[in-house]
Structures are given as structure tokens and as C-alpha cells.
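A.B. asks: Sequence below, structure please.
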Amino acid sequence: FSDGVFAIAITILALELHLPDGAYHGDLGAALLGSWPKVMSFAISFMVIALFWRAHLRAFNWIAHADTRLITLNLLLLMLVCFLPFPTAVLGDAGSDPVAVVFYALSVAAASLAQLLIWIYAAMGTRLIRAETPRAVRHMIAWRSLIPAAVFAASAIVAWAGYPNAAMYAWIAIVPLFWVLRTIVGREW
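C.D. replies: Model (predicted):
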């Protein structure tokens, strides 16, 4: 179920990608260039949802069983992921408007915090995770949810302070950041 929700959310992102009416009868190059904010918001959101999906898979590989609370927390995460196409569309339409950037950043931060809550709940006292789950893995999965929450929450503050473009550059840097951490810390990161 969760994999399907992630896949549908990513697919819905692409529905916002279209040229304005009459673009093929006018200056197609200008229309394509004008669609750049939508393409960029799509690309960022695709990467963000893909990171959420990977983190979700990684966490649930260690979770041995689920209870009602875990399912409820997972549904909260899935609801927030399903919501992401809306702030993505707002960002694509409004560009670097500070309100759009803050709205998007807080939406992603909320989803990231929901993912963190899932893991904290499951791993607390090894309640729902496999007994052999190494301590390093328990910490790594928590950090992988906390870092995006912190980056996106901080970027909301930066955007609200009047630097929305700087906030968006932070989002773009998150994928290379995880690649660098994986290279330094190891494969499990």
C-alpha cells in the first residue's frame, strides 16, 4: 500500500507539467523557458518523495511487526506525501515567492517529521523492530529523517527572512549531502 501511495504521489507531480494554451502557435522556446519554475519544482519534489520512499523502505526492512499506532503514524506520513503535489504546484506557479517557498518547505518538513515519528515509535525500546537491529542502524535511520526536517524547516526561516532563492538552493543540496554522507559513513547511511 505504501509503495503505491509513493508512486502515485510522484506521478501526480508530473500532471502539473504542461505548456500554456497556444504555446505551439507562438514562441515555443519562450513557453518552454517560462515553464522552468514548474519543471524545477517537479524535479525537487520528485527527489524529495524518492528520498522519503527510500527511507521508508529502509526503516520498514527493520520493523518486524506493526500495531495500530504504527499504522496510524504511517497513514499520517502517506497523507503528507500525498499532499506534496499541492505545495509543489504552488511553488511551480509562484516561483520564488517567499510564501510559496515557506509553504513548500514546511510541508516537506512535516512529512519528514512524520517519518521520524514512525521510526522513534517503532524503535523505542526495540518495540516493533527486529531484535538484531544494530544500534548504529537505529541511529542512522533517525538521522536520515531528522536531517531533511531540519534543512527544510531552516529553509522556511531563510525564505521568510527574504531569501527564498537561498532556501531553494538548500533543497537542491540535500541529495548530494546524502550521497556524501553515504560515502563517508558507509553503505547503510
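
A.B. asks: Which residue is the nearest non-sequential neighbour of the most centrally placed residue in the chain?
C.D. replies: In the chain, the centroid-proximal residue (CA atoms, centre = their mean) is residue 48; its distance is 3.2 Å. Nearest residue to residue 48, sequence neighbours excluded (CB to CB, 6 or more residues apart in numbering): residue 108, at 5.7 Å. C-beta: built from backbone N, CA, C; applies to glycine.

A.B. asks: Neighbours of that neighbour, how many?
C.D. replies: 30 (other CB atoms under 10 Å).

A.B. asks: ok, it - contacts?
C.D. replies: By CB atoms under 8 Å, 6 or more residues apart in numbering, residue 108 lies in contact with 48, 84, 87, 148, 152, 171.

A.B. asks: how does it look with 7 Å?
C.D. replies: Contacts for residue 108 (CB atoms under 7 Å, 6 or more residues apart in numbering) come out as 48, 84, 148, 152.

A.B. asks: Next one: residue 28, what pLDDT does it get?
C.D. replies: For residue 28, the pLDDT comes out at 74.

A.B. asks: any idea how far the residue nearest to the centre of the chain lies from residue 11?
C.D. replies: Separation of residue 48 from residue 11 (CB to CB, to the nearest Å): 15 Å.

A.B. asks: Could you list the low-pLDDT ranges of this structure?
C.D. replies: By pLDDT under 70, the weakly predicted segments of the chain are 20-26, 175, 178-179, 181-182, 185-189.

A.B. asks: Can you show me the helices along it?
C.D. replies: 2-14, 28-34, 36-62, 68-83, 85-94, 98-123, 135-160, 164-185 (DSSP state H).

A.B. asks: Please identify the deepest-packed of those helices.
C.D. replies: Each of the helices of the chain was scored by mean neighbour count; the highest is helix 98-123, a mean of 22, by mean count of other CB atoms under 10 Å.

A.B. asks: would you turn the contacts of residue 108 into CSV with distance to residue 58?
C.D. replies: Output for those, formatted as CSV (distance: CB to CB, whole Å):
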residue, distance to residue 58
48, 16
84, 19
148, 14
152, 19
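
A.B. asks: my guess is residue 160 meets residue 102, correct?
C.D. replies: Yes - between residue 160 and residue 102 a contact is recorded at 5.3 Å, counting by CB atoms under 7 Å.
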